[in-house]
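Undergrad: Test case, fold it:
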Amino acid sequence: MTDEAKRLIKDKYAFQDLVDIMALLRSPGGCPWDREQTHESIRKNFIEETYEACEAIDNHDTANLREELGDVLLQVLFHAQMEKEEGRFDIGDVIDEVCKKLVVRHPHIFGDVTAETADKVLENWEDIKIRTKGQTEGKKRLEDVPKSLPALMRGYKVVKRAEKAGADFGSPEEVAEDAEKQIDALVASENGKKEEIMGKILINLVILAKKFEIEPEECLTKAVNWYIISYEG
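TA: Numbering: from 1, shown residues only. Got it, this is the predicted structure:
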């Protein structure tokens, strides 16, 4: 055991200790597995840990949430340490950037802007985000929605941004009517067309969900859970 490893054996740890442990694991004399990892090789770990933290939230499991948040934080530090080794940035730069973002996007706290409701806060946040990211064109804002998001979540964000940019999807009744027509077309279509038509049905349902301010990803998750519970096969 090296002197650095001995130093990092403690009864109580703080944030900097985690940073130091991650650096030690990635060091020349550290863990062979940790040293071999790249951003790409542990990308799926980031996703898995995030979903596990979300599941702990859904289950109101405080103890598990504490553990899973630690795993998510570890992934953040893992990626930051890789970048530090390449001389591009470190965890301090990550923290600095997010702090600056929070200050800029909360002008009602760190400035003279008034925002007395949560809706007004979100409106200000989106407006500032558009300006600071240069997302002045509607299409550019849609393209900037991450492709790696689950499809329903991505679709909802795209529809929400399109609507904010001026897209008119019609009334809920009109959207529902179009979805019904697509369903009829799906049943009558040949197999080669079914996937395309199903996609149109789903995007119509996402638009309908936005009309009623329902998060389709969460809605489907609850429906799947209900289906499993009620399944009698």
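Undergrad: State the phi and psi torsions of the spatially most central residue of the chain.
TA: Centroid-nearest residue in the chain, with CA atoms, centre = their mean: residue 149, separated by 6.7 Å. In terms of degrees, to the nearest 10, the main-chain angles of residue 149 are phi -70, psi 150.
Undergrad: all helices for this protein, in order.
TA: In order along the chain, the chain carries the following helices (DSSP state H): 3-7, 15-26, 32-36, 43-58, 62-85, 91-104, 107-110, 118-132, 138-143, 151-164, 172-188, 191-211, 216-230.
Undergrad: Packing partners of the fifth one?
TA: Applying 3 or more CB pairs under 8 Å, 6 or more residues apart in numbering; DSSP states H and E, one finds that helix 62-85 makes contact with helix 15-26, helix 43-58, helix 91-104. In short, each C-beta sits where N, CA and C put it, glycine included.
Undergrad: swap in the fourth one?
TA: Applying 3+ CB pairs under 8 Å, 6+ apart, one finds that helix 43-58 makes contact with helix 62-85.
Undergrad: Now do residue 126, the pLDDT please.
TA: With respect to pLDDT, residue 126 scores 76.
Undergrad: quick one: low-confidence parts of this protein?
TA: For the chain, applying pLDDT under 70 flags the ranges 133-138.
Undergrad: how does it divide into domains?
TA: Here the domain parsing of the chain from automatic domain parsing is 3-97, 148-230.
Undergrad: can you count the residues close to the nearest residue to residue 28 once chain neighbours are set aside?
TA: Of all residues not flanking residue 28 in the chain, residue 35 sits nearest, at 7.8 Å (CB to CB, 6 or more residues apart in numbering). Residues lying near residue 35 (other CB atoms under 10 Å) number 13.
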